[in-house]
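J.: Sequence first, then the predicted structure:
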Amino acid sequence: MKRFLATFLLLVAPALAQADPPPAGELFGAMSLPAPGAPQVFGSYAKGCLAGAVTLPADGDGYQAMRLSRNRTWGHPDLVAFIERLAQEGRADGWPGLLVGDMAQPRGGPMRSGHASHQLGLDVDLWLTPMPGQQLSPDDREELSAVSMLKPGTRELDPARFGMRQLAIIRRAALQPEVERIFVHPAIKGAMCEMAGTDRGWLRKVRPWFGHDAHFHVRLRCPAGQPDCRPQEPPPEGDGCGADLAWWFSEEPWQAPAVPEPPPKPLVLSDLPTQCTAVLSAP
Ligand SMILES: [Zn+2]
């Protein structure tokens, strides 16, 4: 018995103590309701959480929310207000309505799948497919696909899909003072650089990134009165149509690394601000 105990203490106990903590995405992904209280944002866009989130109703004036089964239509009240306003005001640009993709989980945080960011309730994916005239059924909202704006199998924009209407709704979003950045596929940024004419100030916020060929991703800045929200560096000066964008049209960004990189380790609770532990365990 003594020997068994010694073996246990030597071998098994340390292994138990070092057992990997569960991925934070599993913990936050299991939450179906927000943490109560006033809206509070903790951390940064790709490492954080929020309390007091509100939900975007599935239907509203000028928008319909998609993929309702994911339960990712939560956010800071500023995000919900932004989407509702953009949906209504976008009609002035001839945009028939927004199809709203992922926002955040009820308590924000990392997700089981899909995004590195969207953790603070300040990010939203908006489809580049115009909203159809009819109300979509719950099944439609699961099954309809967001249409890529690229020519199939290329990194080139399809001008038959991406036109002035898409430009106008992205421009309108970029002009909102609470918007910090918008991510689009480099081919979309390139087209907008050409289409924008002399009105270019808003292009600064529109940043090229991988993916984002079927939707644009709007990120709001840290709302006022949120001292625990970690802001991002502002985008570089200028319209972003020069050398940085040209790099995206070289082969370099698209090449697989010579030595394959190991997949990133999933975030665990201790990677997030300490307040996120309380957000997660709130009733
Ligand atoms: Zn996104």
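T.: Yes, it's here. It should be emphasised that the depicted structure is a prediction, and the values quoted were computed from it without experimental measurement.

J.: chain center to the strand or helix carrying R219: distance?
T.: Here R219 sits within strand 215-220, counting by DSSP states H and E. Its chain's C-alpha centre and that of strand 215-220 lie 6 Å apart, by C-alpha atoms, centre = their mean, to the nearest Å.

J.: Give the partner strands of that strand in its sheet and their orientations.
T.: Taking DSSP bridges as the criterion, strand 215-220 pairs within the sheet with strand 123-127 (antiparallel), strand 179-184 (antiparallel).

J.: what about that strand, near the ion?
T.: Yes. In this structure, strand 215-220 sits against the ion according to C-beta under 5 Å from the ion; the contacting residues are H217. In this view, the C-beta of every residue, glycine as well, is placed from N, C-alpha and C.

J.: average pLDDT across that strand?
T.: The predicted model assigns strand 215-220 a mean pLDDT of 98.

J.: Dump that strand to PDB, restricted to CA.
T.: Written as PDB, here are the backbone C-alpha positions of strand 215-220 (Å, rounded to 0.1, in the frame of the first residue of the first chain):
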ATOM      1  CA  HIS A 215     -19.100  39.300 -45.800                       C
ATOM      2  CA  PHE A 216     -17.500  42.500 -44.400                       C
ATOM      3  CA  HIS A 217     -16.500  42.500 -40.700                       C
ATOM      4  CA  VAL A 218     -17.300  45.700 -38.800                       C
ATOM      5  CA  ARG A 219     -15.400  46.400 -35.600                       C
ATOM      6  CA  LEU A 220     -16.600  49.100 -33.200                       C
END
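
J.: In the stretch 51-200 of the chain, which residue sits closest to the ion?
T.: In the stretch 51-200 of the chain, the residue that lies nearest the ion is D125 (4.1 Å; C-beta to the ion).

J.: what residues are up against the closest residue to that residue other than its chain neighbours?
T.: Excluding the flanking residues, the one nearest D125 by C-beta to C-beta, 6 or more residues apart in numbering is G101, at 3.5 Å. With contacts taken as C-beta atoms under 8 Å, 6 or more residues apart in numbering, G101 has the following neighbours: 66-67, 124-127, 146, 215.

J.: any idea how far P223 is from the ion?
T.: P223 sits 19 Å away from the ion, taking C-beta to the ion, to the nearest Å as the criterion.

J.: does that residue really touch C229, like I thought?
T.: Yes. Under the criterion of C-beta atoms under 8 Å, P223 lies in contact with C229, with a separation of 7.0 Å.

J.: tell me, what's touching the two both at once?
T.: The contact lists of P223 and C229 share 41, 122, where a contact means C-beta under 8 Å, 6+ apart.

J.: out of the two, which sits in the more crowded spot?
T.: More neighbours surround C229 than the other of P223 and C229, with 21 against 18 (other C-beta atoms under 10 Å).

J.: helix or strand for the closest residue to that one other than its chain neighbours, which one?
T.: The spatially closest residue to C229, leaving aside those adjacent along the chain, is C222, at 3.6 Å (C-beta to C-beta, 6+ apart). For C222, there is no enclosing helix or strand under DSSP H and E.

J.: For the ion, give me its nearest residue in the stretch 151-283 of the chain.
T.: Of all residues in the stretch 151-283 of the chain, the one sitting closest to the ion is H217 (3.6 Å; C-beta to the ion).

J.: can you count the residues close to that residue?
T.: For H217, using other C-beta under 10 Å, the count is 21.

J.: does the nearest residue to it once chain neighbours are set aside have beta-bridge partners, and which?
T.: Leaving aside its chain neighbours, H217 sits nearest to F183 (4.1 Å; criterion: C-beta to C-beta, 6+ apart). Following DSSP bridges, F183 is listed with bridge partners R207, H217.

J.: Contacts only, for F183.
T.: With contact taken as C-beta under 8 Å, 6+ apart, F183 is in contact with 207-209, 212, 216-217, 219.

J.: cool, and L269?
T.: So, once contact is read as C-beta under 8 Å, 6+ apart, L269 ends up touching 21, 24, 27, 276-277, 280.

J.: Rebuild these as CSV, extending it with distance to the ion and neighbour count.
T.: Supplementary listing: the contacts of L269 in CSV, determined by distance: C-beta to the ion, whole Å; neighbours: other C-beta atoms under 10 Å:
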residue, distance to the ion, neighbour count
P21, 26, 12
A24, 18, 24
L27, 21, 22
C276, 20, 28
T277, 25, 15
L280, 22, 19
